[in-house]
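Q: Sequence first, then the predicted structure, then my questions.
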Amino acid sequence: MDFTSPQPAFVLHSRPYKESSALVDLLTPQGRLRAVMRAARGKAGSLIRPFVSLEVELRGKSDLKTIARLEGAGPAHWLDGQALFGGLYLNELLIRLLPVEDAHPALFQHYVATLPALAAHRPLEPLLRAFEWRLLGELGYGFALETDIAGRPIEPQRLYRLLPDAGLEPVESFQPGLFSGAELLAMAEADWQVSGALAAAKRLMRQALAPHLGGRPLVSRELFMNLKEAPRG
């Protein structure tokens with residue numbers, strides 16, 4: 001895979017590296033890439049922050065590249081409040097789940113489209129659910145919302161449970177963590193006017209993502225919960 005040609009990129013995360021460098025996780029159409037930025041305290045280093053459209057040239061054949069050139073390539077997306085935590089959540093999901101050098105150009109474009117929507121303070125939950133769903137599908141963990149694991153159509157009045165990486169299984173008796181067929185069909189159409197559909201989608205995505213995140217909690221989710229619970233003066 002050729003990483004030497006200029007390509008669009010966003011910084012997912014960065015941290016100091018050695019004396020004056022930075023270790024940077026980048027999202028590009030060619031996947032998540034890890035690179036070292038030399039002299040990160042200089043002018044170019046000011047671009048190493050999330051949600052800024054960049055153009056980058058990389059050098060090196062190992063998993064750890066070197067940033068040969070880094071320039072701004074468009075407006076920065078200024079996120080604040082809940083939108084900021086939403087953006088940080090998406091970045092953390094990509095770092096935790098997207099393998100290095102695994103190209104997903106459609107996922108990159110979805111990310112590009114999501115940032116201005118967050119900056120415009122569009123409703124947060126539908127944006128997050130749509131991105132989680134695209135991410136699961138791109139990684140091969142997706143499942144059908146209109147049919148169960150046996151290929152039968154989802155019935156609005158029935159209850160279903162999620163078998164991660166397999167699909168939805170009908171159940172005959174109530175148990176925690178179930179989904180109604182009506183909720184699932186609303187999710188399939190992204191019809192968030194159906195009562196309970198958006199809350200159910202959040203539960204479904206958590207169940208679907210949990211096996212791939214392991215037991216380590218998401219830092220961005222904890223920060224967001226702490227913000228919501230903090231007393232207001």
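A: Great, that's in hand. Numbers count the residues shown, from 1 in each chain.

Q: Can you give me the distance of the residue nearest to the spatial centre of the chain to L115?
A: Geometric centre of the chain, nearest residue: L90, 3.4 Å, by Cα atoms, centre = their mean. Taking Cβ to Cβ, to the nearest Å as the measure, L90 and L115 are separated by 9 Å. All C-beta atoms are positioned from the backbone trio N, CA, C, and that covers glycine.

Q: One more: M187?
A: For M187, the distance to L115 - Cβ to Cβ - is 23 Å.

Q: Please identify the buried residues of stretch 98-108?
A: For stretch 98-108, burial by neighbour count (16 or more other Cβ atoms under 10 Å) applies to 98, 104, 107-108.

Q: same deal with stretch 47-67?
A: Per 16+ other Cβ under 10 Å, stretch 47-67 contains these buried residues: 47-48, 50-54, 56-58, 65, 67.

Q: Next: stretch 160-173.
A: Here stretch 160-173 shows 160, 162, 167-168, 170 as buried, counting by 16+ other Cβ under 10 Å.

Q: of all those residues, which comes closest to S14?
A: For the buried residues of stretch 160-173, the residue nearest S14 by Cβ to Cβ is L162; the value is 34.9 Å.

Q: Check the spacing between G81 and L124 real quick.
A: For G81 relative to L124 (Cβ to Cβ), the value is 9 Å.

Q: Who has more neighbours out of those two?
A: L124 (18 against 10; other Cβ atoms under 10 Å).

Q: Got the domain ranges for the protein?
A: Following automatic domain parsing, one finds the domains of the chain at 7-136, 141-225.

Q: And the first one, end to end?
A: Meaning domain 7-136. Across domain 7-136, the terminal residues are separated by 24 Å (Cα to Cα, to the nearest Å).

Q: Tabulate the buried residues of stretch 47-67 (a markdown table), appending secondary structure, pLDDT and distance to I154.
A: As requested, the buried residues of stretch 47-67 are arranged in a markdown table below (DSSP: H, G, I helix; E, B strand; the rest coil; pLDDT from 0 to 100; distance: Cβ to Cβ, whole Å):
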| residue | secondary structure | pLDDT | distance to I154 |
| --- | --- | --- | --- |
| L47 | helix | 79 | 46 |
| I48 | coil | 85 | 45 |
| P50 | strand | 93 | 37 |
| F51 | coil | 95 | 37 |
| V52 | strand | 93 | 41 |
| S53 | strand | 94 | 39 |
| L54 | strand | 94 | 42 |
| V56 | strand | 93 | 43 |
| E57 | strand | 93 | 48 |
| L58 | strand | 92 | 45 |
| K65 | strand | 92 | 45 |
| I67 | strand | 91 | 47 |
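
Q: circling back to that earlier point, quickly compare the domains of the chain and say which is most buried.
A: domain 7-136 (a mean of 17; mean count of other Cβ atoms under 10 Å).
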